[in-house]
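Undergrad: What shape does this take:
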Amino acid sequence: MKNRLFWRRFFLVAALLTAVLIFFFSSQDGEESSELSNGVTLEVAQIIRPDFESLPRADQQSYLESLGGVVRKCAHFCEFALLAFNLMFYFSLRRDDGRLRPSLPIAWGLATLYAGTDELHQRFVSDRGPALLDVGIDSAGALTGALVAALLLTLLLRRAAKRTTR
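TA: Numbering: from 1, shown residues only. Model prediction:
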């Protein structure tokens with residue numbers, strides 16, 4: 001039981017830290033946010049296109065511009081996938097009967113609700129604004145994170161059940 005309590009607390013803290021990180025990123029003004037995104041996009045471009053540095057400057061810029069939006073949307077997706085993953089584990093570990101189904105809509109719903117408040121928060125940040133598309137991407141990421149956690153939890157529960165029947 002102590003082990004379960006430790007993991008519940010761990011995933012609660014992980015979910016809260018993820019929410020704080022999302023809030024921090026959303027609090028950056030447009031210039032700060034673009035600077036961070038551009039830096040990440042450059043790193044991604046150099047990884048997926050090894051000849052990136054040898055391209056003419058205009059081609060590099062064009063490539064970065066086309067990749068930038070994808071990188072930003074992937075970041076949204078991943079942030080909320082992580083949030084829902086942590087919430088799914090937290091809520092699932094609160095249950096003693098090993099049932100996962102009630103936890104999935106709760107984790108997904110809370111993460112999606114947070115996505116909506118995150119976009120609303122951006123309305124009050126300089127050079128930022130809310131985007132309904134981002135809420136959709138965040139929600140899809142949250143659903144993916146919750147489903148991955150549910151799959152992992154199912155595998156762990158089956159493994160534990162096999163150990164106890166031996």
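Undergrad: In three-state terms, label the residue nearest the centre of the chain for me.
TA: Among the residues of the chain, the one closest to the centroid is Glu79, at 2.1 Å (C-alpha atoms, centre = their mean). Classification of Glu79 using DSSP: H, G, I helix; E, B strand; the rest coil returns helix.
Undergrad: Low-confidence ranges, this structure, go.
TA: 1-2, 95-101, 166 (pLDDT under 70).
Undergrad: what about Asp127, neighbour count?
TA: As a burial measure, Asp127 scores 12 neighbours (other C-beta atoms under 10 Å). In this view, the C-beta of every residue, glycine as well, is placed from N, C-alpha and C.
Undergrad: So it, which state does it fall into?
TA: coil.
Undergrad: one step back: show me what contacts the residue nearest to the centre of the chain?
TA: The neighbours of Glu79, taking C-beta atoms under 8 Å, 6 or more residues apart in numbering as the test, are 18, 21-22, 25, 138, 141.
Undergrad: Please determine how far it is located from Arg4.
TA: Distance, Glu79 to Arg4, using C-beta to C-beta, to the nearest Å: 27 Å.
Undergrad: same question, Asp127
TA: According to C-beta to C-beta, Asp127 and Arg4 sit 45 Å apart.
Undergrad: again, but for Val44
TA: Distance check for Val44 against Arg4: by C-beta to C-beta, it reads 39 Å.
Undergrad: These two: which has the busier surroundings?
TA: Neighbours per residue, other C-beta under 10 Å: of Val44 and Arg4, the larger number sits with Val44, 17 against 11.
Undergrad: Who are the contact partners of the more buried one?
TA: 67, 71.
Undergrad: Got the phi and psi for it?
TA: Reported as degrees, to the nearest 10, the phi and psi values for Val44 are phi -60, psi -40.
Undergrad: From Leu64, how far off is it?
TA: Taken as C-beta to C-beta, the span from Val44 to Leu64 is 9 Å.
Undergrad: ok, now Val135?
TA: 26 Å.
Undergrad: Comparing those two, which shows the higher neighbour count?
TA: Using other C-beta under 10 Å as the criterion, Val135 and Leu64 rank with Val135 on top: 20 against 16.
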